[in-house]
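**Student:** I'd like to go over a predicted model; first the sequence, then the structure.
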Amino acid sequence: MATLPSVKNILVLDSEGKRVAVKYYTDDWPSVSSKLAFEKSVFTKTMKINARNEADIVMFDGHIVIFKFIQDLHFFVTGGDDENELILASVLQGFFDSVGTILRNNVEKRTALENLDLIYLCLDEVVDGGMILETEASVIADKVSSASGLETMAPFSEQTLSQAFAVAREHFARSLLK
């Protein structure tokens with residue numbers, strides 16, 4: 001009997017290998033120190049590889065790791081050694097593209113930290129408990145925008161620049177009034 005594809009973790013690290021957003025779905029790394037050690041060793045192994053244009057893959061410590069870099073952020077999806085690489089790559093691409101949509105293609109550490117809540121909502125829409133829920137970036141971005149209250153008349157992925165500025169202005173005004 002075949003099992004459903006699953007993800008062990010999704011990592012977003014900065015250009016120094018420090019955590020930006022991470023989510024673990026299994027107990028393969030039971031302690032915080034073992035998680036940090038895994039993150040550091042994965043970052044060290046992949047930092048010299050040029051994975052800026054398309055995702056790359058590496059077998060590491062009995063796991064398949066799919067990764068992609070943009071600006072100063074490194075995105076990783078980890079699965080078991082028996083997982084389908086194409087499915088893991090589609091999870092990475094869906095998460096990667098939805099984060100790009102949510103951050104208006106300004107995917108860098110500073111913007112990611114300012115919108116960390118949206119990135120974690122993306123993570124929750126992509127994978128739940130290790131099970132893959134969604135890999136289509138526009139669907140993920142639309143669900144995140146509606147869940148976070150950023151939704152306007154047009155879907156999040158189809159807003160014009162003026163609509164995006166209007167939403168940002170409203171969000172900024174609300175934060176000042178709090």
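**Tutor:** Yep, it's here.
**Student:** Helices of the protein, residue ranges please.
**Tutor:** 32-46, 85-102, 109-114, 116-126, 137-148, 161-177 (DSSP state H).
**Student:** Give me the distance between Gln71 and Val107.
**Tutor:** Distance of Gln71 to Val107, given as Cβ to Cβ, to the nearest Å: 6 Å. Any C-beta I mention is one placed from the backbone N, CA and C, and that applies to glycine too.
**Student:** right, so of the helices of the chain, which gets closest to Ala21?
**Tutor:** Ranking the helices of the chain by proximity to Ala21 (Cβ to Cβ) places helix 116-126 first, at 4.8 Å.
**Student:** between that closest one and helix 137-148, how many degrees?
**Tutor:** If you take axes from the mean of the first three to the mean of the last three Cα atoms, to 10 degrees, helix 116-126 sits at 120 degrees to helix 137-148.
**Student:** in the protein, what spans have low per-residue confidence?
**Tutor:** Scanning the chain with the threshold set as pLDDT under 70 gives 1-2, 148-164, 167, 178.
**Student:** repeat that with 50
**Tutor:** 1, 152-153 (pLDDT under 50).
**Student:** Which residue, other than its chain neighbours, is closest to the residue nearest the centre of the chain?
**Tutor:** The centre of the chain sits closest to Phe95, judged by Cα atoms, centre = their mean, with a distance of 4.6 Å. In this structure, Phe95 finds its nearest non-sequential neighbour in Val126, 4.9 Å apart by Cβ to Cβ, 6 or more residues apart in numbering.
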